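> Here is a sequence with its predicted model. Questions after.
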Amino acid sequence: MREIKKEIVVVGGGLAGICAAIAAARAGKKVLLVQNRSVLGGNSSSEVRVWVCGATKHGVNRYARETGIMGELFLENQFRNPQGNVFQWDLLLLEKVKKEQNIELYLNTEVLDVTMEGNKIVGVVARIQGSEEVFQFLGDYFIDCTGDGTVGANAQAEFHIGRESQSTYGESLAPELSDNELLGSTILFYTKDTGEKTKFIAPTFAKKIQDTSIIKNRTLNPTDSGCAYWWIEWGGELDTIKDNEKIRDELLSVVYGIWDYIKNSGEYDADTLDLEWVGTIPGKRESRRFIGDYVLTQQDIEKQTFFEDRIAFGGWSIDLHPATGMYTQAAGARHVVADGIYHLPYRMLYSKNIENLYFAGRNVSASHVAFGTIRVMATCAILGEAAGTAAAMAHNLNCTPREIYQHHLVEYQQELLKNDGSVIGLKNEDKNDLAKEAQVFVTSELEEINTESECLTKQSLEKGQGFQFYKTKKNNKLSILLEATGATCLEVDFYLTGRKENYIPQEKITSETIQLTKAGRQWHSLTLPELSEEQTIFIVLKENVNVFTFLSPTVIPGVLSFIEDPIQELKQPELHDYARKSPILYWTNQKINRKNVVFKVETDGYSGNQLLNGYKRPYGSPNLWVSQLNSKKSEKITLSWKKPQKISEIILTLNDEVNEDLVNLHHHRTPFEIMPELIKDYEIWAISGNDRKLLVKVANNRVRQRNHKVDSQVVDQIEVQLLETNGSSFKSVFEVRVY
């Protein structure tokens with residue numbers, strides 16, 4: 001048995017494991033990444049083909065797309081793979097891991113056992129399937145990203161399987177008595193139109209679908225493929241680990257039975273359709289969940305608990321499926337929806353009783369109910385990055401995971417923030433960031449929100465409409481473009497959005513009536529309510545069939561428009577049952593994404609000072625500097641110090657419009673390959689007295705955060721010249737850091 005020693009061992013090559021390994025490697029640690037399949041990506045890989053969902057909830061949540069390593073993957077996949085080819089996704093994940101020189105990757109390698117010393121893991125025993133080699137992988141810290149919790153279970157880490165009772169955590173969605181029921185597993189299939197008549201002869205083991213309850217309770221659509229058939233789910237009443245093969249056989253029999261019915265029942269127009277791919281590995285939702293120093297619960301999601309040790313966020317609904325899966329007579333999923341994204345604590349990422357064990361992915365410390373939301377892959381991925389970052393820091397400090405929480409929490413959170421991790425409500429407090437002591441000057445800034453354009457679409461107010469923006473003390477009057485069929489009154493309500501991470505009409509503060517005295521297009525003025533502090537305001541235009549608004553393609557950061565129209569899932573009661581609803585389900589932005597109600601208002605919320613306000617994504621305000629609209633020339637950001645500074649690194653966090661929902665395998669199609677708001681070409685200059693020196697020149701950028709190491713030198717000023725965007729009419733930047 002060969003021994004290989006690294007500082008950190010990550011077991012499991014799904015998105016959680018990939019992000020954990022990359023994060024630790026970038027922190028300078030030698031990392032082993034061990035994966036039991038021949039490809040990376042877990043449920044998102046070409047073997048299973050589940051699209052990567054996250055906090056955006058398919059565009060329901062605002063400004064919710066993940067950043068950090070998962071954000072890099074989303075952006076690069078969008079550029080390389082606009083067609084949503086799953087094999088391209090496989091390649092991207094493999095390349096991303098192989099590019100990290102500190103990662104040693106082992107594929108097709110199954111962990112068989114764990115070696116312990118007291119309550120500490122020393123190593124894992126693993127076997128490479130093809131070569132029959134057996135290894136002992138030794139490490140100082142271990143991160144279990146296996147999904148099933150293979151490493152932790154063998155190490156005797158505390159875990160739970162099944163549903164806790166209501167009395168355990170006081171959760172209304174929990175059963176009265178605890179049981180062993182789980183979310184089931186799914187096998188997906190893809191079809192294609194061959195353009196000619198094809199036949200399908202069902203295997204003898206195919207389920208006679210017409211003899212089951214499936215045909216009565218689910219709708220078959222011959223043009224559906226992949227995740228549209230997420231409800232082909234079973235095994236929640238079994239042991240999803242030990243009974244995995246039994247579950248697979250049942251799922252395959254149903255997949256082939258469904259296809260036989262579509263092709264051969266005569267009820268569907270499917271003559272030219274053919275099976276293109278059928279999965280053979282169940283996409284597993286739930287098995288073991290480890291116990292950490294904190295167990296996430298239903299209340300934490302609903303109340304959006306603002307944890308002191310927040311290190312990530314989620315936004316998917318609590319999405320619980322019946323254990324009987326596709327054979328249930330109830331809806332395929334029961335949901336609880338928070339009013340926005342929610343926070344995740346560090347204490348759910350390490351073992352309560354094994355002192356050098358982290359975990360990330362679907363095996364983290366959460367109740368069965370809370371697990372129903374954090375299980376989606378983009379959320380698992382950012383938890384992986386948080387775990388990898390923590391393990392690297394624990395190794396540097398020679399401390400336990402718990403001691404990071406007890407003694408080094410702020411330092412750890414600041415490291416996550418510096419790396420653009422997906423965390424909300426954390427402010428840059430890095431004492432080493434020289435930019436915090438600088439004065440900032442910009443060549444222009446947005447002083448008026450004006451969404452008018454030459455290309456307008458008239459929109460009837462047969463349904464309510466809304467729009468929101470960040471209200472500063474400067475803007476007390478707002479003008480809106482309307483058209484009336486004749487004299488009428490338009491009722492307008494003004495709301496606050498509540499929490500800084502929410503974008504809903506939450507608290508009504510006042511109303512106003514617009515008197516439209518004649519027919520035709522006209523501008524109307526609204527008096528904005530005085531607020532105790534600067535914050536986002538949500539304006540509701542009440543339904544009135546005699547009034548039209550105008551929608552414009554002008555995009556301005558922090559400005560969103562909405563239609564009062566329920567999301568599609570609310571119209572599918574056979575699939576989706578909502579136990580808790582939120583205004584986000586009714587005030588939808590995705591149906592008019594990148595379009596805005598035409599209005600104008602003065603603002604001072606986009607000044608150069610936003611570059612140094614400490615926030616790197618929208619939270620309460622847009623938190624970024626924006627140039628004038630239709631900026632044709634280059635724009636400059638200058639940082640100036642009273643005394644010369646010695647610098648060696650400059651970090652730019654650019655605007656990649658985190659409100660844009662990206663999906664690796666195309667739940668929907670996003671029309672551009674690179675986010676238009678991203679700065680495409682730029683230069684960074686060092687200024688010392690009368691001397692100017694070009695430090696950095698970047699062309700064709702398509703990423704959000706750029707870390708530039710430069711030769712150490714003394715400067716009076718740093719000048720960032722923003723030359724061109726990837727399509728946006730304005731230039732915008734979240735943050736500049738200097739070290």
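Yes, it's here.

> I'd assumed Gln78 was in a strand, is it?
No: Gln78 is assigned helix when assessed by DSSP: H, G, I helix; E, B strand; the rest coil, not a strand.

> got a list of what it touches?
Counting by CB atoms under 8 Å, 6 or more residues apart in numbering, Gln78 touches Leu662, Thr670, Glu673, Ile674, Met675. All C-beta spots, glycine's among them, are computed from the backbone N, C-alpha and C.

> Now the closest residue to the first one other than its chain neighbours, what are its backbone angles?
Same thing as Leu662. Spatial nearest neighbour of Leu662, chain neighbours left out: Phe74 (4.4 Å); criterion: CB to CB, 6 or more residues apart in numbering. Here is the backbone geometry of Phe74 (degrees, to the nearest 10): phi -60, psi -50.

> Can you lay out the contacts of Gln78 as JSON lines showing neighbour count, secondary structure and pLDDT?
What follows is these, written out as JSON lines (neighbours: other CB atoms under 10 Å; DSSP: H, G, I helix; E, B strand; the rest coil; pLDDT from 0 to 100):
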{"residue": "Leu662", "neighbour count": "23", "secondary structure": "coil", "pLDDT": "94"}
{"residue": "Thr670", "neighbour count": "16", "secondary structure": "coil", "pLDDT": "87"}
{"residue": "Glu673", "neighbour count": "13", "secondary structure": "coil", "pLDDT": "96"}
{"residue": "Ile674", "neighbour count": "18", "secondary structure": "coil", "pLDDT": "98"}
{"residue": "Met675", "neighbour count": "26", "secondary structure": "coil", "pLDDT": "98"}
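
> Now distance to Val254 too, for the residues you listed, in JSON lines please.
Converted to JSON lines, the contacts of Gln78 look like this (distance: CB to CB, whole Å):
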{"residue": "Leu662", "distance to Val254": "31"}
{"residue": "Thr670", "distance to Val254": "32"}
{"residue": "Glu673", "distance to Val254": "37"}
{"residue": "Ile674", "distance to Val254": "41"}
{"residue": "Met675", "distance to Val254": "40"}
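
> Specify which member of the residues you listed is nearest to Thr451.
Met675 (19.3 Å; CB to CB).

> Contact partners for the nearest residue to that closest one once chain neighbours are set aside?
In this structure, Met675 finds its nearest non-sequential neighbour in Asp656, 4.5 Å apart by CB to CB, 6+ apart. Shown in contact with Asp656 (CB under 8 Å, 6+ apart): Thr67, Gly71, Leu75, Met675, Glu677, Leu678, Val703, Arg704.

> Quickly note the distance from Asp656 to Leu678.
Using CB to CB, to the nearest Å, Asp656 is found at 5 Å from Leu678.

> Need the residues touching each of the two.
Common neighbours of Asp656 and Leu678, using CB under 8 Å, 6+ apart, are Val703, Arg704.

> circling back: give me the buried subset of the contacts of Asp656.
The neighbour-count test (16 or more other CB atoms under 10 Å) marks Thr67, Gly71, Leu75, Met675, Glu677, Leu678, Val703, Arg704 as buried among the contacts of Asp656.
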